[in-house]
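Kindly return the folded structure for what I paste below:
(one chain, ligands or ions: 1)
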Amino acid sequence: MQIVVDLTRCQGYAQCVFLAPEVFQLHGDEALLYSPSVPDDQLPRVRQAAASCPVQAILLGEQVRADAE
Ligand code: SF4
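Next comes the predicted model:
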């Protein structure tokens, strides 16, 4: 599944990094790096991360396409 993190919203709270460290990494204080292509075995963690993000910056699957339109 494809994901997008809206980095203008992301505040570097790092909830996602704790919940899905194989997909999200924090470099320095606020620079979030992530893999836009999520392997199936990481999906449950990524969904949890998206739900936990305090600013709803993580968009998943269909939301990514809707956002691009
Ligand atoms: S949980 Fe949300 S605000 Fe925090 S680092 Fe991840 S995307 Fe950014």
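
Residue 21: how many residues sit nearby?
Close neighbours of residue 21, defined as other C-beta atoms under 10 Å, add up to 14. In this view, the C-beta of every residue, glycine as well, is placed from N, C-alpha and C.

Looks to me like it is in a strand.
No - going by DSSP: H, G, I helix; E, B strand; the rest coil, the assignment for residue 21 is coil, not a strand.

Give me the pLDDT value at it.
At residue 21, the pLDDT value in this model is 97.

cool, and the one 4 residues further on?
Listed pLDDT for residue 25 reads 95.

Look up how far the ligand lies from it.
10 Å (C-beta to the nearest ligand atom, to the nearest Å).

All further residue positions should be reported with the first residue as 5.
With 5 as the first residue, the last one maps to residue 29.

dump the residue contacts of that residue.
21, 36-38 (C-beta atoms under 8 Å, 6 or more residues apart in numbering).

Please spell out the PyMOL selection for the buried subset of those residues.
Entered in PyMOL, the line below selects the buried ones among the contacts of residue 29, by 16 or more other C-beta atoms under 10 Å:
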select buried, resi 21+36+38
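
near the ligand, which residues of this structure show up?
Selection of the chain residues close to the ligand by C-beta under 6 Å from any ligand atom yields 9, 14-20, 28, 36, 57, 59, 61-62.

Out of those residues, name the ones that lie in strands.
Secondary structure from DSSP state E places 9, 28, 36, 62 of the residues of the chain next to the ligand in strands.

Show the model's pLDDT score for residue 72.
61.

now do residue 16
84.

Go ahead and confirm residue 27 touches residue 42.
Yes - applying C-beta atoms under 8 Å, one finds residue 27 in contact with residue 42, separated by 5.9 Å.

Please enumerate the shared neighbours of those two.
Common contact partners of residue 27 and residue 42 (C-beta under 8 Å, 6+ apart): 7, 50.

quick one, which of those two is more surrounded?
Neighbours were counted for residue 27 and for residue 42 using other C-beta under 10 Å; residue 27 has more, 23 against 20.

Give the bridge partners for the residue positioned nearest the centre of the chain, please.
Centroid-nearest residue in the chain: residue 62, 4.2 Å away (criterion: C-alpha atoms, centre = their mean). Legend: beta-bridge partners of residue 62 under DSSP bridges are residue 9.
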